[in-house]
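K.L.:
Let me see the structure of the following:
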Amino acid sequence: VGVGRAAATFCVAHLCPNRIETATLLAGDENQRRRVVVSMSALPGRISFLAQQLSYLQHQTLLPDTVYAAIPYFSLRERKAYVIPRDLQDAEERGRGVILRSLVDWGPATKLIPVLSVETSPQTIIVTLDDDIKYPSTLLEDLVDGAERHPSAAVGFRGYRLPPPRNNNKNESEGDWYYS
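P.N.:
Sure, this is the predicted structure:
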């Protein structure tokens, strides 16, 4: 993350089109493994949870290369502006994360869409996390392992099986939502 901050500072001064590639060049990394980054977001009323998630991430068996907190300027859902808490700003200053401010609130997709503008390599593994769940310490390691074993699949910690599409056959079940 320290190299990422150096690359961001360098790129602001020199107008680099891609901060991540610049960080890789500055670090002299030959990309021996795929980058693993984490992205999170929260509503204004729960933004204080993000600093705690950053602390949890420091105890993962596989540490992420970068952690992003994607924060819009204004929440459409709560209809109020975001205020970045001091502990989240401090975490960024200590190199534990990068705050990405966004002009647009994409709802739940806010934790992914802004990150796609800086993490442009298709080889990067982007893990999105919720702000209010304490994850197991092997989460990142398990997800990366799953992504490497199933490179064409989306790999997740938890999710729902979607019901089949509705049709005109009244005898066919419309399905239920199941944990997968």
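
K.L.:
Helices along the protein, start to end?
P.N.:
2-14, 19-27, 49-57, 86-93, 113-116, 139-149 (DSSP state H).

K.L.:
How far does stretch 88-105 stretch from one end to the other?
P.N.:
Terminal residues of stretch 88-105 are spaced 19 Å apart (CA to CA, to the nearest Å).

K.L.:
repeat for stretch 129-144
P.N.:
For stretch 129-144, the end-to-end distance is 14 Å (CA to CA).

K.L.:
ok, residues contacting stretch 78-89?
P.N.:
43-45, 47-48, 50-51, 54, 69, 71-75, 97, 99 (CB atoms under 8 Å, 6 or more residues apart in numbering). Every residue, glycine included, has its C-beta placed from N, CA and C.

K.L.:
quick one: average confidence on it?
P.N.:
Averaging pLDDT along stretch 78-89 gives 93.

K.L.:
Could you do stretch 59-71 as well?
P.N.:
pLDDT averaged over stretch 59-71 gives 94.

K.L.:
Determine which residue lies closest to the centroid of this structure.
P.N.:
residue 39 (1.4 Å; CA atoms, centre = their mean).

K.L.:
residue contacts, that residue?
P.N.:
67-70, 111-112, 114-115, 126-129.

K.L.:
Walk me through the regions of the protein where pLDDT falls short of the threshold, as ranges.
P.N.:
Counting by pLDDT under 70, the chain has low-confidence residues at 1-32, 165-180.
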